[in-house]
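In: Sequence and computational prediction follow.
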Amino acid sequence: VDRRGYLQVDFDYELLSSNYSVGSNQSDNDILSVALPRNLMGGFCEIQPLIDVGKQLKKEGKYPDQDDFWPAIDLVIRHSSKERWFELFEASGLTFEQLDINQDGILDRDEIKNMMGRILGHEPPDFVVDDMLAAIDEDNNGVVNEAEVSYLLARMQRERQDHEWRQF
């Protein structure tokens, strides 16, 4: 699925899709759910294709209400948190095992907060730690295991390499 154009789709859209399974091939005809701010569909920035989408949604009675902005915010926070995970591992050179203080095979909230404090030089606010945890806790068990971290890091590395290759 081509991800160029007016909207950037976070790579984990696949994990949120009901018909996605690891190793499956996605078709160019797949429909992606993305966050699209109302103001863009209403004419802000004068991006005609987005204005057309807004008009079509109004016609179909599917135009988002004023209070439908949380999913867009969640998308931005999740993407930013994933970038932060990647940058923290890349900047520190630390391994999962080194960050797993009690060696139980998972990073809990306290270990994540400790890691961020060591690398950033200051203790992050609780909401930032919560966002970091939620961004990659795929099984929603309140902790991050090595597989979740490895998957994220590999995927982010691949995305960056693809981006650099396209720039070439």
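Out: Arrived safely. Note that the coordinates shown come from a computational prediction; the quantities given were computed from them, not determined experimentally. Numbers count the residues shown, from 1 in each chain.
In: With adjacent residues omitted, what lies nearest to residue 156?
Out: The spatial neighbour of residue 156 that comes closest, neighbours along the chain excluded (C-beta to C-beta, 6 or more residues apart in numbering), is residue 86 at 4.2 Å. All C-beta atoms are positioned from the backbone trio N, CA, C, and that covers glycine.
In: show me the contacts for that neighbour.
Out: Residues touching residue 86, when contacts are defined by C-beta atoms under 8 Å, 6 or more residues apart in numbering, comprise 152-153, 156-157.
In: Doesn't it lie inside a helix?
Out: Yes - according to DSSP: H, G, I helix; E, B strand; the rest coil, residue 86 belongs to a helix.
In: filter the contacts of residue 86 to the buried ones?
Out: Under a neighbour-count criterion of 16 or more other C-beta atoms under 10 Å, the subset of the contacts of residue 86 counted as buried comprises 152-153, 156.
In: Considering the residues you listed, which is situated nearest to residue 113?
Out: Comparing those against residue 113 with C-beta to C-beta picks out residue 152 as the nearest, at 18.2 Å.
In: Give me the contact list for the helix or strand encompassing that closest one.
Out: Using DSSP states H and E, residue 152 falls within helix 146-167. Here helix 146-167 makes contact (C-beta under 8 Å, 6+ apart) with 11, 82-83, 85-86, 89, 96, 105, 107, 136-139.
In: 6 Å - rerun?
Out: Where contact means C-beta atoms under 6 Å, 6 or more residues apart in numbering, the residues beyond helix 146-167 that reach it are 11, 85-86, 89, 96, 136, 138.
In: which stretches of this structure form strands?
Out: Secondary structure of the chain, counting by DSSP state E: strands at 106-107, 144-145.
In: coming back round to it: of the contacts of helix 146-167 - the most surrounded one?
Out: For the contacts of helix 146-167, counting by other C-beta atoms under 10 Å, the largest number of neighbours falls to residue 85: 22 neighbours.
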